[in-house]
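J.: give me coordinates for this.
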Amino acid sequence: MTEVISVRVRGGCKNYFFDHQGIQVKMGEQVIVETAQGPEFATCTQGNHEVDESAIVKPLSPVLRMATDGDRRTVEHNKKREREAFDICEKKIAAHGLEMKLVNVSVSFDGNKIVFYFTADGRVDFRELVRDLASVFRARIELRQIGVRDEAKMIGGLGICGRPFCCSQFLDGFMPVSIKMAKTQNLSLNPTKISGTCGRLMCCLKYEQNVYEEAAKRMPKVESFVQTPDGPGNVKSVDLLRETMKVALDSAAPSEPLKCYHNCEVCVLRNGKGSREGIEIPAERPARYVEEREEEPFVSPVLASSFYMSSELENAPMREKIGMPEGGEGKSRRRHRGGRRRSGGKSAAEGQQPKAEGRRSAAKPGEEKKGGSGGGRTRPSKPQGARPPQPAAQPRPAAGAAAPAGETGEKKRHRPHHRGGRRRNKGSGESGSAPKSE
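T.: Reported below is the predicted structural model:
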């Protein structure tokens, strides 16, 4: 075991081991390390720790020192030089008429070397371009041709999943991806759906390939001859993740849909395509698969009583459900929507009077309305008590007959239309109120 530190150079995704030289470095701290291209500014991703010697590429490069404020200012100055060099190089490429695309520019920590990364369809003769760039920057110039995957890693972006590119976030290297992986995972073979922004097959096809390969060993192939709980049939499609398959039964009608079975419900008689000759169909059929259900969580009786109603409560009358006693007077009262409350000045001896009038409006205390429920003059009434008997309704006079003496010369009053609802009394009391003057 060897004690080392892990660092990342220039914000890359790959970790490198360096000899700490007795310096205690914590994660996130910045150091200056010695590389094959000279000193570089790096960030520690894991402090002092021990690793197996087989994981170390010898000779192990040392850590020069901890980064200072002057080193950080040097890094910022180099970033400005990279932006300037990028613009100048693009102009030089257009002037020489070269078919190449500039991707990125990297300036070494000491400023003695500048590397230009570009992409091109074929070989490019850039010797004249290197001479022009060397005369401008007075430094060592290097041009490197990279692929489209490296271009996507340097530039970055968002994939079709909506997340940043895996290669620019955590992948320390590119994995080989083939179209066979898409076939194994039952994906669409449309290139636009299984290709990344770089134009190559997506790196994420490699992530779950091992799981699909193991599931494919347990599942029968398409067109296999199997025995099911409903009889023999041929496998038409396989779902590797759910470990289910759709089978066309021999006893089913042509228009009948395919039946779905779990892997443990079938017995493979012939794996893959082939003839049924010589295959003996067993008389015993496999048992059906019963999915195990999770037990329902325990619910406290106190909580259960507040959310669930027992059968006795559901069959109880509504008065008992809302908590009203049998006497008929509950604790809750009807909400008063506005205006004054009705008068409650009736004596205890009188008791409750039956609601015989229904929606007829009640008269004011001490007054009795004239002309029924319509509006009109009021006349003084007797003190509250027993209601006096009403005189019998007299027959209406015939057409053309003389009007009664009391109504001669009086103008017929208009009875306004009642808009509905009950009228509210404006006050309460035992004594009647004085009549209003006309």
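
J.: how about stretch 200-209, which residues are buried there?
T.: Within stretch 200-209, the residues that qualify as buried are Arg200, Leu201, Met202, Cys203, Cys204, Leu205, Lys206, Gln209, counting by 16 or more other C-beta atoms under 10 Å. Heads up, the C-betas are built off the backbone N, CA and C, glycines and all.

J.: okay, these in a markdown table with secondary structure and distance to Ala36 next?
T.: Converted to a markdown table, those look like this (DSSP: H, G, I helix; E, B strand; the rest coil; distance: C-beta to C-beta, whole Å):
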| residue | secondary structure | distance to Ala36 |
| --- | --- | --- |
| Arg200 | coil | 29 |
| Leu201 | strand | 32 |
| Met202 | coil | 33 |
| Cys203 | helix | 27 |
| Cys204 | helix | 32 |
| Leu205 | helix | 34 |
| Lys206 | helix | 30 |
| Gln209 | helix | 34 |
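
J.: these: which two are farthest apart?
T.: Arg200 and Gln209 (16.0 Å; C-beta to C-beta).

J.: burial count for Leu241?
T.: Using other C-beta atoms under 10 Å, Leu241 has 11 neighbouring residues.

J.: with Val7 instead?
T.: 24.

J.: let me see the contact set for it.
T.: Asn15, Tyr16, Phe18, Val31, Val33, Ala42, Thr43, Cys44, Thr45 (C-beta atoms under 8 Å, 6 or more residues apart in numbering).

J.: how about these, which pair is most distant?
T.: Across these, the two lying at the largest distance from each other (C-beta to C-beta) are Asn15 and Val31, at 13.5 Å.

J.: so which of these two has more stuff around it?
T.: Per other C-beta under 10 Å, whichever of Asn15 and Val31 has more neighbours is Val31, with 21 against 14.

J.: and that one, that one's in a helix?
T.: No - the assignment for Val31 is strand, going by DSSP: H, G, I helix; E, B strand; the rest coil, so no helix is present there.

J.: which residues sit in contact with it?
T.: Taking C-beta under 8 Å, 6+ apart as the test, what Val31 contacts is 5, 7, 18, 23, 25, 42-44, 63-67.

J.: of these, which is the nearest to Ala152?
T.: So of the contacts of Val31, ranked by how close each gets to Ala152 (C-beta to C-beta), first place is Thr43, at 22.5 Å.

J.: quick one: mean pLDDT over the host helix or strand of the closest one.
T.: Assessed by DSSP states H and E, Thr43 sits inside strand 38-51. Average pLDDT, strand 38-51: 87.

J.: okay, now the sheet partners of it, with direction.
T.: strand 2-9 (antiparallel), strand 30-35 (antiparallel) (DSSP bridges).

J.: elements contacting the helix or strand just after the first one?
T.: Beyond strand 2-9 in the direction of the C-terminus, DSSP H and E gives the next helix or strand as strand 16-18. Secondary-structure packing of strand 16-18 (3 or more C-beta pairs under 8 Å, 6 or more residues apart in numbering; DSSP states H and E): strand 2-9, strand 30-35, strand 38-51.

J.: for Pro59, find the nearest of those.
T.: Comparing the helices and strands packed on strand 16-18 by C-beta to C-beta, strand 30-35 comes nearest, at 10.6 Å.

J.: identify each buried residue in that closest one, please.
T.: Gln30, Val31, Ile32, Val33.

J.: closest to Lys80 among those?
T.: Gln30 (19.0 Å).

J.: contacts only, for the closest one.
T.: Counted by C-beta under 8 Å, 6+ apart, Gln30 has contacts Phe41, Ala42, Thr43, Cys44, Met66, Ala67, Asp71, Arg72.

J.: any stretches of the stretch 1-150 of the chain with poor pLDDT?
T.: When residues are selected by pLDDT under 70, none of them lie in the stretch 1-150 of the chain.

J.: which residue ranges of it form helices?
T.: According to DSSP state H, counting those that start in this stretch, the stretch 1-150 of the chain carries its helices in the segments 69-96, 127-137, 148-155.

J.: so what angle separates the directions of the first one and helix 127-137?
T.: Between helix 69-96 and helix 127-137, the angle formed by their directions is 140 degrees, by axes from the mean of the first three to the mean of the last three C-alpha atoms, to 10 degrees.

J.: elements contacting helix 69-96?
T.: strand 30-35, strand 38-51, strand 101-107, strand 113-119, helix 127-137.

J.: can I get the third one in CSV, CA atoms only?
T.: Taking C-alpha atoms only, strand 101-107 is exported to CSV below (Å, rounded to 0.1, in the frame of the first residue of the first chain):
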residue,chain,number,x,y,z
LYS,A,101,-12.7,23.3,-36.9
LEU,A,102,-11.0,24.8,-33.9
VAL,A,103,-12.4,23.3,-30.6
ASN,A,104,-10.3,24.5,-27.7
VAL,A,105,-7.0,26.1,-26.7
SER,A,106,-4.9,25.2,-23.7
VAL,A,107,-2.0,27.3,-22.3
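
J.: who does that strand pair up with?
T.: Going by DSSP bridges, the partners of strand 101-107 are strand 113-119 (antiparallel).

J.: buried stuff in the strand it pairs with?
T.: Neighbour-count burial for strand 113-119 flags Ile114, Val115, Phe116, Tyr117, Phe118 (criterion: 16+ other C-beta under 10 Å).

J.: now do the contacts for the nearest residue to Val9 once chain neighbours are set aside.
T.: Excluding the flanking residues, the one nearest Val9 by C-beta to C-beta, 6 or more residues apart in numbering is Ala42, at 4.8 Å. Taking C-beta under 8 Å, 6+ apart, we find Ala42 in contact with Val7, Arg8, Val9, Tyr16, Phe18, Gln30, Val31, Ile32, Val33.

J.: number of nearby residues for the spatially closest residue to His262 that is not a sequence neighbour?
T.: Closest residue to His262 apart from its sequence neighbours, by C-beta to C-beta, 6+ apart: Tyr289 at 4.1 Å. Residue crowding around Tyr289 was assessed by other C-beta under 10 Å; the count is 14.

J.: ok, Tyr289 - contacts?
T.: Contacts of Tyr289 (C-beta under 8 Å, 6+ apart): Tyr261, His262, Cys264, Glu265.

J.: please repeat the previous calculation with a cut-off of 7 Å.
T.: His262, Cys264, Glu265 (C-beta atoms under 7 Å, 6 or more residues apart in numbering).

J.: how about Ala182?
T.: Leu189, Ile194, Leu205.

J.: between the residues you listed, which sits nearest Met181?
T.: For the contacts of Ala182, the nearest to Met181 is Leu205 (4.5 Å; C-beta to C-beta).
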